[in-house]
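Undergrad: build the 3D model from these lines:
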Amino acid sequence: MYKKGIVVFSLLWLLSGCIRKPNDVDMYQRAIGYAQTLVDSGYITDNYIQFCELQTNTSSSIYSIFGSNGPNANCTEYPSRIITVGDKCFCFTELDEPELSVEQIYRLTNVYDAGLVIRSNDIWFLGISKNENAGAMVKRSPDIDNLFDYSELWPYFSGGQPERRDFYMWLFTHDIVLSDPVYLESDSLKFHIKKICGDIYVTNKTNSPVVLSPDSLDRTFIVANGSDTLMLSLKDSLPIEIPANHSLILRYKSKENSSFFQKLPCKNTWMSLYKLLGDSTFSLLKINGEAKTIRLLHGDPPFSYLRDDSDEFLKEFWNEGIFDKEQRRQRFWRIRE
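TA: Just a heads-up that it's a prediction; the model follows:
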């Protein structure tokens, strides 16, 4: 059985055409181990177990896990790799890997009609390290709307780790405004960035209101790059009171600072800025009058938006190495003439 599993995995490695670091192989084996506990406990009885990658960063990935009656997930994509263990097929739909073809899926599963499938209603989320033997799995709750409200998954997002589970901040989105949209994919991008803007998610799960106000220098949020600082301003007027057991979204935009952007590298400018936003965005807000510096959690969104000066949407663009999921899924909904 073990040898058979090795053969199937090696075949898939060749078919998928993906180059992965050796520790990634172990990551998939560990991910299957988590799902296997659901199979062994009777929570998943389907022959196909789906892993849909929702978020990824340099050190971790977060997947949704559920059973289905076919090899492709109900997110209308073909899997990137399929690993067979016994009579179960573990299907991974990755953000940064190409899909398997219908012919490849047939060779691995003997299923040719890999169209839309029926999936189970029970869903689990798995955060797993790419480099260490660490992971956490939690069942989806009908009372929780956002992935980042599962504190068990926090270690598998980038950014800072909250000190408390009852009050935390999350850099949710970060869009970009350029002097001319044509420079989005140019090596001179850094010379044409006017500002960034987006949403910061704040949750107060305490039983008391929380008041947010600027620090003594009238600062709210910053992005730090060594000695360089990009100031973020809020569109909402401060102070703001968050009622007990409530959340709110703060809309922000960066203050004019062309020198900050021009110090970014010419190559992969957006991904350098993306990583900086994920690793080094801080809140300087006073919390109930107390000065506090908080490094924000980062949502690791796989795409962002290009906007104009009036915040109107111009274009969606995906991070480097991430496949355009919407483009893939459209083929399932395309109306044939």
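
Undergrad: for the chain, longest helix please?
TA: Residue-count comparison of every helix in the chain, with assignments taken from DSSP state H, identifies helix 22-40 as the longest.

Undergrad: check which helices and strands that one sits against.
TA: strand 48-56, strand 60-68, strand 81-85, strand 88-93, strand 124-129, strand 135-139 (3 or more Cβ pairs under 8 Å, 6 or more residues apart in numbering; DSSP states H and E). (Glycine included, C-beta is placed from N, CA and C.)

Undergrad: alpha carbons only: can I get that helix in PDB?
TA: In PDB, the C-alpha atoms belonging to helix 22-40 read as follows (Å, rounded to 0.1, in the frame of the first residue of the first chain):
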ATOM      1  CA  PRO A  22      11.200  18.900  -0.700                       C
ATOM      2  CA  ASN A  23       9.500  20.200   2.500                       C
ATOM      3  CA  ASP A  24       6.300  20.800   0.500                       C
ATOM      4  CA  VAL A  25       6.000  17.000  -0.100                       C
ATOM      5  CA  ASP A  26       6.000  16.500   3.600                       C
ATOM      6  CA  MET A  27       3.400  19.300   4.000                       C
ATOM      7  CA  TYR A  28       0.900  17.400   1.800                       C
ATOM      8  CA  GLN A  29       1.500  14.200   3.700                       C
ATOM      9  CA  ARG A  30       0.900  16.100   7.000                       C
ATOM     10  CA  ALA A  31      -2.200  17.700   5.600                       C
ATOM     11  CA  ILE A  32      -3.600  14.300   4.600                       C
ATOM     12  CA  GLY A  33      -2.900  13.100   8.100                       C
ATOM     13  CA  TYR A  34      -5.300  15.800   9.500                       C
ATOM     14  CA  ALA A  35      -8.000  14.900   7.000                       C
ATOM     15  CA  GLN A  36      -7.500  11.200   7.700                       C
ATOM     16  CA  THR A  37      -8.600  11.700  11.300                       C
ATOM     17  CA  LEU A  38     -11.900  13.000   9.900                       C
ATOM     18  CA  VAL A  39     -12.200   9.900   7.700                       C
ATOM     19  CA  ASP A  40     -11.300   7.600  10.600                       C
END
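
Undergrad: relative to strand 60-68, how tilted is that helix?
TA: Using axes from the mean of the first three to the mean of the last three Cα atoms, to 10 degrees, one finds that helix 22-40 and strand 60-68 are set 40 degrees apart in direction.

Undergrad: thinking again about what came up before, can I get the helices and strands packed on helix 22-40 in TSV with mean pLDDT, distance to Ile222 and mean neighbour count?
TA: TSV is the format used below for the helices and strands packed on helix 22-40 (pLDDT from 0 to 100; distance: least, Cβ to Cβ, whole Å; neighbours: other Cβ atoms under 10 Å):
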stretch	mean pLDDT	distance to Ile222	mean neighbour count
strand 48-56	95	24	23
strand 60-68	96	25	22
strand 81-85	95	41	21
strand 88-93	95	36	23
strand 124-129	98	28	21
strand 135-139	98	30	17
